[in-house]
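J.: Sequence unavailable; structure follows:
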């Protein structure tokens, strides 16, 4: 440990303390304890170029204990990370200036309370909700192996990056990390390293009050390599642990670091160190204990930035330059693969990918939207080689398996496989998919809609990060039938639709499924949830109905009266659209002028110009009936005070679908009757 | 293994096959494989009286792999379980008749697709969503230990029941079970036994494709006793494993049973055995292989029911009779404790419990609703000794610690403690609380509202089961401030409100908090979610405002114009009520007649008679402004087409609260302005 090592570590600690003190808000405990670990990793190991923090083969650093964001902000500042992503950032600006650090946790600062992807260059994923970072890191490691398998050639190693995640006790207690660790162990992701900040202290007290398992033994049971660092301040031991990770060829690695929360401060090793500033006196006392000038705030000693420049900066720059030269040569040798890689980085799709999209002939018998989606997904994936994904052990039911030649399984023995077996681990599946999306692949995962509940926290993060993860949910209503209320979603659509930025699609037939995928595959900055049926849906005869391309507008007129303005509008999604059409026919036969609006995606409809929305739902037509086999919650927005909603007010029941439709009132007769009553009411 | 053992096991298998075949729907794989295990447990070990399946000291049996419900239905039928719960069931009826079995998965059958609590006597908890059953069983085991500590006396052992849960590969892969297992190991719940049906087959194929961890080693790492049964058909080995569980005094036990999915059938050991009937020919072939008459459906050989009556029936009856005599003597010796126990069983509270509820004087500075809730919770818990709970490692922030003398911590060394440390395990916390509620204690758990996402699947089950679990959520909006969007809930309120049967309360001040608890503590058949602020809320001056007791109606007029009908109504919940009041004052000063409606609980309001609802929200007053620091989703129901919603349309941001309120428009000026514009629009 050189003087500059010590000085650098303590400079990081000083910046963190000062930022938190100035904000009078934040979490100093972890930065103080883990600064030596983060420092060693960044300065000596991380293959990361501050001048180009989105270089595709960089090692990934995930701060899973996101409340320690000050640690990351200090590193981004001291290493001089720049913003280079043309899509989302102001080009060339330092990721974190000293002024940013000084405005930690203030409005519009590049140093918010938790790391936010897209907002601050150098942040690989948004973290804070515990366990998410480590689970997401598994997806990055999978992506790394997959990219290597597809794009490396004997003479070109384009991808061999490692993924590091720093995790605390909270991350280790969360179920999502357990799921992800089990999966990573199975997949033998030896490019993955979790560093466990074991400080024995949580918010409620010593971990002994609730967390006494033998964590190292647990990870060995998952098939991980486990190594221990007895003292977080021992840079040599940290370095040897990192070498042990790099030398491991078969297993992911857990480095268990015994650390001291709030190291050096008066509240060291106590829960008080976790989430409150030390106070001006506490900060001074800590600085004194660490040999820092007690009265200098945001102090960066001469030599420290240069020391980082000579460490991570020089190493990263060299590696990146070498990589770029390699890639130039690769482009000459493998122009098509190089083109793919460039499209991946720009989140573009291959030219002409849409030509493969199937259309479906009218068919009264039809097919389940899970089935049509399976066909369209396969077409998309065949056209876009970096679409890959899987299911939480439900692929035969969700129909998401890629079945074309060469799709294969992603396994330790086949890293180019495109079908993932997530196991019965929905939460990890969604987080892993996020990790793959952050590596710019186009991932999907699937499960039953009811189990979106298990994965909600990761679904939310995909929306918050604005990444195009595709969440595929089938068995989307009481249409599940005999499995009963435990498996019949009711409120899930409302919860997903209320999530800002998430596009929720519930297509009505096979052609709406195709149009949904056309939109979804093209998304670059938003995740989507596909909500699909278990039961067959008739493929509508579009010769006499609105075109399915209306999906792109979120809602469109599917069937209309030929007698001018309708007296009543029937709004429906998914499996209930055919029901609305049947009611429409009944009403038409009676001489009641009605319109059917298919509303596969509320979010897209809400974004259309008022003129379009008013054309689909004329404000003058206030008699409206919404039909959906889900909670009525939220539909009032479209039906208004004069409208009615045929929806679910209770949980479902276990019975064959036909009986359930009668029991809960999803029949053409009932819908027509509700519409008739509205019209009669005048 | 006697002939009657074999016959009984195969009778169970036959009934399961036939029920599933007749329904042409269901999951035969597990019942076929695990029938010998379930049989041995029930017939030889389970201390359960079919004549009184709610006897308080019965052993609990949880079918965590709920898709195997046919197995449970067969056992309930063959053992002759009766319905005795006066609150929810038809008294005296057999829980499951042969006709029920024959109408498996049909509408209104007592044999639905998955076990449903309350619907079929003998079901201890609703299962199906994987992992929930085992996690819930931990709560039952905690309750058992707690009841023993509080109510047993040297001369009276009222409680010593054990809790068994049958779990499959899916349960073991889910994160919630990992959280629960870690907690159970820490708590040394030696009254807990999970039986792991390891059949090596999941829906997507052999478990080798994704689940290759060393599960036994993992559970040893959690601090569990692990024992293995190499052959699920070896009743002797199963019995010895159960004895090993009973002999274990320190640790929970995992019995790892190697089983064969679809045992005896043509699809044995294949994924096809999991979730589809065997078909008429398959059933016949299986019956032949098992030595059952191939053409007799729903065949119950002579002697089998009597064999069960002489086994579990006789043992259970004896134990229950003995217990009742013990309890009679106990009532004489400890009348007050006996009275408590009887109230617990009836879900009643102690007389006069409400007298301790605090009221709060008007105070413009006020206090956070998390703080007032902490005070009220302590008052309730002091008055109701069987209120207990804890937090997912956030008690100092959620203010849910019971601090009065003797409350203590529930730990291996103190089983009477009433504060639980759930650890950073929200999902398990909610499921464990459900398990305690199913044992008729009054549990609560707490976390930040954003982390309700992690626990949603268990929250939903509390609603589906209609049990009074109390979910306490603080840090309920952008009011979180500097922690930023990862910690600021937006869509969570919508997702919870859309859940059927869940009462969601967002009280506006300390006195609304008291009234909320008055309702919540009295709930017997519904769970509640309390949504509380981190930041201080003024305690409103009720001398000039509507009384806080209006909480019981869900919504009430808090402030009104004195000039007849209002021109505009401001609707708000929680922290935004004071904001609405300030806007109301501004409008009043300008001569605009406005009303403020506090809406702490939509679900209760929706249940009021139309007359009351129309009094609070007169249909003629269509100019309405809703104010809530959450998604606007759902508010249209109350504001209508002519109204406006001041809410969140995006995620939040990291900044001090005051800056956020301006950024997102939650200021009296903005609310007044929106109201003014509505009024001007005419």
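T.: All right, it came through fine. Fair warning: this is a prediction, and the values are worked out from it, not measured in the lab.

J.: How about the residue of chain A found nearest chain B: what's its closest non-neighbour residue?
T.: Nearest residue of chain A to chain B: residue A:175, at 2.2 Å (C-beta to the nearest C-beta). Yep, even glycine has a C-beta here, placed from its N, CA and C like the rest. Distance criterion C-beta to C-beta, 6 or more residues apart in numbering or on different chains; nearest residue to residue A:175, sequence neighbours excluded, is residue B:175 at 2.2 Å.

J.: Can you give me the distance of that neighbour to residue B:614?
T.: 47 Å (C-beta to C-beta, to the nearest Å).

J.: who has more neighbours, these two?
T.: Neighbour count, other C-beta atoms under 10 Å in any protein chain shown: between residue B:175 and residue B:614, residue B:175 has more, with 30 against 12.

J.: Tell me the residues of the stretch 401-550 of chain A that contact chain B?
T.: Applying C-beta under 8 Å from any C-beta of the partner chain, we find that the stretch 401-550 of chain A lies next to chain B at A:409, A:411, A:421-428, A:450-451, A:453-454, A:456-457, A:460-461, A:463-464, A:481-487, A:490-491, A:494-495, A:497-501.

J.: Apply 7 Å and report the result again.
T.: Taking C-beta under 7 Å from any C-beta of the partner chain as the contact definition, the stretch 401-550 of chain A meets chain B at A:421-425, A:427, A:450, A:453-454, A:456-457, A:460, A:464, A:482-487, A:490-491, A:494-495, A:497-500.

J.: Helices - which of these land there?
T.: Within those, residues falling in helices by DSSP state H are A:427, A:453-454, A:456-457, A:460, A:464, A:494-495, A:497.

J.: Out of these, which is nearest to residue B:595?
T.: residue A:494 (27.9 Å; C-beta to C-beta).

J.: Let me know the pLDDT of the nearest residue to the closest one once chain neighbours are set aside.
T.: When the adjacent residues along the chain are set aside, residue A:494 lies closest to residue B:498, with 3.7 Å between them (C-beta to C-beta, 6+ apart). pLDDT recorded at residue B:498 is 98.

J.: Torsion angles phi and psi at residue B:498?
T.: Backbone geometry at residue B:498, expressed as degrees, to the nearest 10, gives phi -80, psi -10.

J.: try residue A:294
T.: For residue A:294, the backbone dihedrals (degrees, to the nearest 10) come out as phi -70, psi -20.

J.: And the one 10 residues further on, by the same measure?
T.: In terms of degrees, to the nearest 10, the main-chain angles of residue A:304 are phi -70, psi -50.

J.: burial count for it?
T.: Residues near residue A:304, counting by other C-beta under 10 Å, number 18.

J.: Now do residue A:404, the pLDDT please.
T.: We have a pLDDT of 97 for residue A:404.

J.: Now do the same contact list for the residue of chain A closest to chain B.
T.: A:427, B:175-176, B:178-179, B:425, B:427 (C-beta atoms under 7 Å, 6 or more residues apart in numbering or on different chains).

J.: same question, residue A:449
T.: Residue A:449 makes contact with A:473-476, A:489, A:492, A:531, according to C-beta under 7 Å, 6+ apart.

J.: Which members of these define the maximum pairwise distance?
T.: Most distant of the contacts of residue A:449, by C-beta to C-beta, are A:474 and A:492, 12.2 Å apart.

J.: List of residues touching stretch A:491-504?
T.: A:449-450, A:452-453, A:456, A:459-460, A:463, A:466, A:526-529, A:531, A:601-604, A:630-631, A:633-634, B:490-491, B:494-495, B:498-499, B:631, B:633, B:649-651.

J.: Please list only the buried members of these.
T.: Among the contacts of stretch A:491-504, those classed as buried by 16 or more other C-beta atoms under 10 Å in any protein chain shown are A:449-450, A:452-453, A:456, A:459-460, A:463, A:466, A:526-529, A:531, A:601-604, A:630-631, A:633-634, B:490-491, B:494-495, B:498-499, B:631, B:633, B:651.

J.: Quick check: end-to-end length of stretch A:207-220?
T.: From its first residue to its last, stretch A:207-220 covers 21 Å (C-alpha to C-alpha, to the nearest Å).

J.: Report whether that stretch contacts chain B.
T.: Yes: using C-beta under 7 Å from any C-beta, stretch A:207-220 reaches chain B at A:209-214, A:217-218, A:220.

J.: Sitting in helices, which of those do you find?
T.: Using DSSP H, these in helices are A:217-218, A:220.

J.: Could you identify the buried members of the residues you listed?
T.: Using 16+ other C-beta under 10 Å, the buried members of those are A:218, A:220.

J.: Switch the ones in helices among the residues of stretch A:207-220 next to chain B over to JSON lines; also include pLDDT.
T.: Shown next, in JSON lines, are those (pLDDT from 0 to 100):
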{"residue": "A:217", "pLDDT": "98"}
{"residue": "A:218", "pLDDT": "98"}
{"residue": "A:220", "pLDDT": "98"}
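
J.: So which bits of the stretch 551-682 of chain A are right by chain B?
T.: Contact residues (C-beta under 7 Å from any C-beta) of the stretch 551-682 of chain A with chain B: A:631, A:633-634, A:636-637, A:640-641, A:649-651, A:653-655, A:659, A:663.

J.: which ones among those residues are found in helices?
T.: Going by DSSP H, the helices hold A:636-637, A:659, A:663 from those.

J.: residues in contact with stretch A:674-682?
T.: A:567-568, A:570, A:583, A:587, A:592, A:594, A:623, A:625, A:644, A:646.

J.: Among the contacts of residue A:449, which lie within helices?
T.: Within the contacts of residue A:449, residues falling in helices by DSSP H are residue A:492.

J.: In ChimeraX, select just the buried ones from the contacts of residue A:449.
T.: Those of the contacts of residue A:449 that count as buried under 16+ other C-beta under 10 Å are selected in ChimeraX with:
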select /A:473,474,475,476,489,492,531
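
J.: Redo the contacts of residue A:449 as TSV? Include pLDDT.
T.: Listed next are the contacts of residue A:449 as TSV, based on pLDDT from 0 to 100:
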residue	pLDDT
A:473	98
A:474	98
A:475	98
A:476	98
A:489	98
A:492	98
A:531	98
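
J.: Nearest to residue B:579 among the contacts of residue A:449?
T.: Once C-beta to C-beta is applied, the member of the contacts of residue A:449 that ends up nearest residue B:579 is residue A:492, at 31.1 Å.

J.: What's opposite residue A:164 in the beta bridge?
T.: Using DSSP bridges, the bridge partners assigned to residue A:164 are residue A:61, residue A:193.

J.: is it true that residue A:404 touches residue A:382?
T.: Yes: contact criterion C-beta atoms under 7 Å: residue A:404 and residue A:382 qualify, at 5.2 Å.

J.: between these two, which one's more packed in?
T.: Legend: neighbour count by other C-beta under 10 Å for residue A:404 and residue A:382, higher for residue A:382 (17 against 10).
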